[in-house]
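Student: Predicted model and sequence below, questions to follow.
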Amino acid sequence: MFIKNPEFKISAVSPKQYPTDDLPQVVLVGKSNVGKSSFINTLVNRKKLARTSSEPGKTRQINFYNMDDKFYFVDLPGYGYSKMSKQEQVRVGNFIEEYLQTSQNIALIIFLIDIRHTPTQNDKLMYDYIFKTNLPCMVIASKADKIAVTKVNGYVEDLQKVLNPLHDLTFLPFSSERKSYTEDVWEAIEKILLK
């Protein structure tokens, strides 16, 4: 898919702030430093559409990015943000849950996980939560450039064994450095959006 004019639309913390145009929404979920912003920027070939930060946990709102009026990428705040106060964590957790439960336009949830690490307890809880929503879901193993190309598929399979032993979800590697994975990801997203 070629996106000509991707644009940041709005940051929201409650349903009354969500876009009202009924475009399908592709939701990005993952740990604070897993690379959700880099994922968006790489897919649309922009350096600074989604703001990346060297400090995890900077995103404290739900960010909506309009993709040529075809759909939105929706970037949820990352979990596992140790520098956030307990009170702030609860507040952010509540509006994430509210969004996932009330938005009528979620077409796909993309769960990003670091390819190099065994899923943590938090990862497993989030994965189970997403799985129980019964919404279409795929798992992206990010930061694939951090390991040898020849080992990438093995690492992806290991993640799938831990999280999805039934192999009924799509698991794909991704790297904002190696653009070679981008086409496969777009193909998988299009398949869901064009259903």
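Tutor: Ah, there it is.

Student: Helices of this protein, start to end?
Tutor: 36-43, 86-102, 121-132, 152-163, 182-193 (DSSP state H).

Student: Please read off the pLDDT at the residue located most distally from the centre of the chain from the model.
Tutor: Residue distances from the centre of the chain (CA atoms, centre = their mean) peak at residue 150, which lies 24.8 Å from the mean C-alpha position. For residue 150, the pLDDT comes out at 96.

Student: you'd agree residue 70 is up against residue 193?
Tutor: Yes: under the criterion of CB atoms under 8 Å, residue 70 makes contact with residue 193 at 7.5 Å. For every residue, glycine as well, the C-beta is placed using N, CA and C.

Student: Overlap in contacts, these two.
Tutor: residue 24 (CB atoms under 8 Å, 6 or more residues apart in numbering).

Student: Residue 161: neighbour count?
Tutor: 10 (other CB atoms under 10 Å).

Student: That one and residue 155: what is the separation?
Tutor: 11 Å (CB to CB, to the nearest Å).

Student: joint contacts of the two?
Tutor: With CB under 8 Å, 6+ apart, residue 161 and residue 155 have no common neighbours.

Student: Contact partners for the most centrally placed residue in the chain?
Tutor: With distances taken as CA atoms, centre = their mean, residue 28 lies nearest the centre of the chain, 2.2 Å away. Contact analysis of residue 28 by CB under 8 Å, 6+ apart lists 36, 39, 40, 73, 74, 75, 76, 110, 112.

Student: who's in contact with the lowest-mean-pLDDT helix or strand in the chain?
Tutor: Lowest by mean pLDDT, DSSP states H and E among the helices and strands of the chain is helix 86-102, with a mean of 82. Residues from elsewhere that reach helix 86-102, judged by CB under 8 Å, 6+ apart: 12-15, 18, 27, 60, 62, 74, 76-77, 79, 81, 84, 106, 129, 133.

Student: what angle do it and helix 121-132 make?
Tutor: Counting by axes from the mean of the first three to the mean of the last three CA atoms, to 10 degrees, helix 86-102 lies at 20 degrees to helix 121-132.

Student: What are the buried residues along helix 86-102?
Tutor: Buried positions in helix 86-102, judged by neighbour count with 16 or more other CB atoms under 10 Å: 89, 92, 95, 96, 99, 100.

Student: can I assume residue 159 is in contact with residue 119?
Tutor: Yes: between residue 159 and residue 119 there is a contact at 6.9 Å, judged by CB under 8 Å.
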